[in-house]
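**Student:** Provided below are the primary sequence and the corresponding predicted coordinates.
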Amino acid sequence: MAENVIMAKELNFNYQESVEGISDISFSIDSGMVVLLTGNSGSGKSTLLKCLNGLIPAVTEGEMSGSLSIEGKDYSDVKMYQLNKAIGSVFQNPRSQFFTDNTTAELVFPMENYGYSKEEMLTRLRELKEEFGLEGLLDRNIYTLSSGERQLIALASATAMKQKVLLFDEPSANLDYGNAMKLGRIIERLKKEGYTVIVADHRFYYLNGIIDKVLFMDHGKLKVCESEEEF
Ligand code: ATP
Ligand code: MG
């Protein structure tokens with residue numbers, strides 16, 4: 001039987017200044033699944049991802065209730081660094097992912113200090129470079145890269161860190177059709193490598209045929225579909 005990775009039970013979150021947040025969210029995700037998280041703008045997709053990666057309540061203020069667990073452990077019993085080791089995120093706005101004007105290489109290599117493999121990182125970047133035709137990426141100032149390129153670097157670092165669970169927030173937003181399709185094949189490969197991938201997006205043509213579960217958000221409420229067909 002597939003191992004349960006993430007479980008949410010009656011999860012609620014309200015931002016302080018907002019009445020609507022997410023409410024009564026329950027779902028379970030098994031290891032190796034590709035999960036599509038979709039729904040209209042403002043329906044709560046990013047909010048749910050921020051709960052999953054621990055930014056809520058660590059950084060974002062508001063009221064949270066209900067429970068979240070990772071591999072059977074309640075989030076409240078997991079330290080932030082352990083959560084960061086287990087869950088990698090590629091944010092919706094990749095500008096907010098890198099608060100620095102270092103080169104890509106400078107940014108990436110210190111990661112070794114945190115136990116991430118430089119070799120792995122380089123391999124991932126080379127793969128992405130070949131796949132997406134990104135030239136001289138390592139020597140460029142991260143701020144001179146396009147949003148799509150930055151998102152790809154975030155993707156490379158997330159996968160190089162061997163986090164079991166990857167959260168992508170609108171990864172296709174800055175990509176053209178062809179590159180979005182390539183991203184779909186990368187996610188398919190990650191799935192084969194045993195990663196659990198949760199993708200929040202409005203468009204999901206690039207995930208055709210590889211979605212194991214759909215979480216559909218509507219005004220902060222969730223409908224779970226157990227397959228792409230059911231959705
Ligand atoms: P999009 O498709 O536009 O990315 P989303 O589904 O990711 O939308 P969220 O960003 O999760 O939506 O927002 C859900 C609700 O919470 C919205 O009503 C939004 O205005 C509100 N919200 C989001 N971030 C904050 C914040 N920091 N403070 C207050 N309210 C917020
Ligand atoms: Mg969002």
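**Tutor:** Nice, I can see it. Ligands and ions are numbered 1, 2, ... in the order given.
**Student:** you'd agree residue 21 is up against residue 47?
**Tutor:** Yes - here residue 21 reaches residue 47: they are 5.9 Å apart, a contact under C-beta atoms under 8 Å. In this view, the C-beta of every residue, glycine as well, is placed from N, C-alpha and C.
**Student:** where do the contact lists of those two overlap?
**Tutor:** Overlap of the contact sets of residue 21 and residue 47 (by C-beta atoms under 8 Å, 6 or more residues apart in numbering) consists of 13, 15, 220.
**Student:** min pLDDT across these, which one?
**Tutor:** Lowest pLDDT of the shared contacts of residue 21 and residue 47: residue 15, 91.
**Student:** name the nearest residue to it, sequence neighbours excluded.
**Tutor:** Nearest non-adjacent residue to residue 15, counting by C-beta to C-beta, 6 or more residues apart in numbering: residue 62, 4.5 Å away.
**Student:** OK, contacts around that neighbour?
**Tutor:** 13, 14, 15, 16, 18, 21, 56.
**Student:** same check, this time on residue 17
**Tutor:** Contacts for residue 17 (C-beta under 8 Å, 6+ apart) come out as none.
**Student:** can you classify it as helix, strand or coil?
**Tutor:** coil (DSSP: H, G, I helix; E, B strand; the rest coil).
**Student:** would you mind measuring from it to residue 43?
**Tutor:** Look at residue 17 and residue 43: by C-beta to C-beta, to the nearest Å, they are 18 Å apart.
**Student:** ligand 1 contacts on this structure?
**Tutor:** 15, 17-18, 20-21, 39, 41-47, 60, 92, 217 (C-beta under 6 Å from any ligand atom).
**Student:** of all those, which two lie farthest apart?
**Tutor:** Using C-beta to C-beta, the pair of the residues of the chain next to ligand 1 lying farthest apart is 17 and 39, separated by 21.3 Å.
**Student:** residue of this protein nearest ligand 2, please.
**Tutor:** residue 46 (3.1 Å; C-beta to the ion).
**Student:** what about that residue, how many residues nearby?
**Tutor:** Neighbours of residue 46 under the rule other C-beta atoms under 10 Å: 20.
**Student:** ok, it to residue 211 distance?
**Tutor:** 19 Å.
**Student:** kindly report the same for residue 129.
**Tutor:** From residue 129 to residue 211 the distance is 27 Å (C-beta to C-beta).
**Student:** any low-confidence regions in this structure?
**Tutor:** 1, 18-19, 93-102, 104-118, 121, 133-135, 160 (pLDDT under 70).
**Student:** can you give me the helices for it?
**Tutor:** Ranges of helices in the chain, per DSSP state H, are 45-52, 55-58, 80-86, 104-108, 118-132, 147-160, 177-192.
**Student:** would you turn those helices into JSON lines with distance to residue 3?
**Tutor:** Formatted as JSON lines, the helices of the chain follow (distance: least, C-beta to C-beta, whole Å):
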{"stretch": "helix 45-52", "distance to residue 3": "17"}
{"stretch": "helix 55-58", "distance to residue 3": "25"}
{"stretch": "helix 80-86", "distance to residue 3": "13"}
{"stretch": "helix 104-108", "distance to residue 3": "30"}
{"stretch": "helix 118-132", "distance to residue 3": "23"}
{"stretch": "helix 147-160", "distance to residue 3": "20"}
{"stretch": "helix 177-192", "distance to residue 3": "15"}
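**Student:** look up which residues are beta-bridged to the most centrally placed residue in the chain.
**Tutor:** Centroid-nearest residue in the chain, with C-alpha atoms, centre = their mean: residue 167, separated by 1.4 Å. Counting by DSSP bridges, residue 167 is bridged to residue 89, residue 198.
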